[in-house]
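**Q** Kindly return the folded structure for what I paste below:
(2 chains)
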Amino acid sequence: GAVVSQHPSWVICKSGTSVKIECRSLDFQATTMFWYRQFPKQSLMLMATSNEGSKATYEQGVEKDKFLINHASLTLSTLTVTSAHPEDSSFYICSARGSGVDTQYFGPGTRLTVL
Amino acid sequence: GDSVTQMEGPVTLSEEAFLTINCTYTATGYPSLFWYVQYPGEGLQLLLKATKADDKGSNKGFEATYRKETTSFHLEKGSVQVSDSAVYFCALSVRGGGADGLTFGKGTHLIIQP
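**A** Okay, the predicted model is just below:
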C-alpha cells in the first residue's frame, strides 16, 4: 500500500525557536496533503489542507503565520512551527492523497515538545 | 459544526469475543463515514468506509453500516483476535468521498487478551 513518512518522529526545542516537520509520500504522487494535530486523549483536529503548488487552506482558528505549510512538490509537504511556545507541544500528523483517489494515507506522526 | 462521538476506552475483551464500538455523528451535509485503525507505532490506516445511507463497509472481518436515521456507524466484528488490539477512530468527511479533511472521534483503545 501507499506509504507516507514523517521526519522527525519526535523533536524537543526551546521556546521561541522554529521547528520544521517533513511529510513525504514514498511511492505515489500526493496532489493533496493534510496536516492534523492531536492532543493527548483527544481526536485529530484538521489544521490545514495543501495542494501541490498552491497556498494552503487553513481551518478556522489555526494561525497561518504560526504554522507555515509548504507543498512545493508532489512528494513533500513541510509544516514549520514558528516561534514555538509550550502550548504548541502536541502530536502532528500528516496525510496524503493522490490524484483521482479518495483515500488518505497517514504518516506515523511527529511528537513536538517545546520547553 | 461537524462532530463524531465514539465510545471511550479502553475496551478489553477476550479473544473470540464479539466486538461493537459505537460511533455517532452530526454533520451539516451528507457525509462519507470511515473507520481508521492505528496499530502501535504506526500511522492511521483506513479500515473501511461507506459513502451513502445503508451502505455496509467491510474489511478483515470488521463491518459497519451507515445508518442515516440514527446518524450512526457502529463498528462490529464477530470474533476478535489478539492482533486486533489497536486504537480505532471513527471519522467523517462532508466535502467528498474522503477526498477532503476528516473530522475524527477521540479514538477507542481496544485490548484483546488471549
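
**Q** what residues does chain A put near chain B?
**A** A:1, A:4, A:32, A:34, A:36, A:41-46, A:49, A:59, A:93, A:95, A:97, A:102-109 (Cβ under 8 Å from any Cβ of the partner chain). Using the backbone N, CA and C atoms, a C-beta is placed for each residue, glycine as well.

**Q** Buried ones among those residues?
**A** Neighbour-count burial (16 or more other Cβ atoms under 10 Å in any protein chain shown) is assigned, among the residues of chain A next to chain B, to A:4, A:32, A:34, A:36, A:43-46, A:49, A:93, A:95, A:97, A:102-109.

**Q** who's in contact with residue 59?
**A** Just so you know, I chose chain A. A:45, A:46, A:47, A:48, B:101 (Cβ atoms under 8 Å, 6 or more residues apart in numbering or on different chains).

**Q** actually it's chain B I care about, not the one you picked
**A** Contact partners of residue B:59, counting by Cβ under 8 Å, 6+ apart, are B:47, B:48.

**Q** where's it relative to residue B:45, distance?
**A** Noted for residue B:59: a distance of 10 Å to residue B:45, by Cβ to Cβ, to the nearest Å.

**Q** cool, and residue A:72?
**A** Distance, residue A:72 to residue B:45, using Cβ to Cβ: 27 Å.

**Q** who's more crowded, those two?
**A** With other Cβ atoms under 10 Å in any protein chain shown as the criterion, residue A:72 and residue B:45 differ in neighbour count, and residue B:45 comes out ahead with 16 against 11.

**Q** So for the more buried one, what's the nearest residue that isn't a sequence neighbour?
**A** In this structure, residue B:45 finds its nearest non-sequential neighbour in residue B:37, 5.5 Å apart by Cβ to Cβ, 6 or more residues apart in numbering or on different chains.

**Q** In contact with the one you found, which residues?
**A** Residues near residue B:37 by Cβ under 8 Å, 6+ apart: B:44, B:45, B:47, B:86, B:87, B:88, B:89.

**Q** Which of those residues fall in helices?
**A** Nothing among those maps onto helices, per DSSP state H.

**Q** quick one: which of the buried ones among the residues of chain A next to chain B sit in strands?
**A** If you go by DSSP state E, those have A:4, A:32, A:34, A:36, A:44-46, A:49, A:93, A:95, A:97, A:105-106 in strands.
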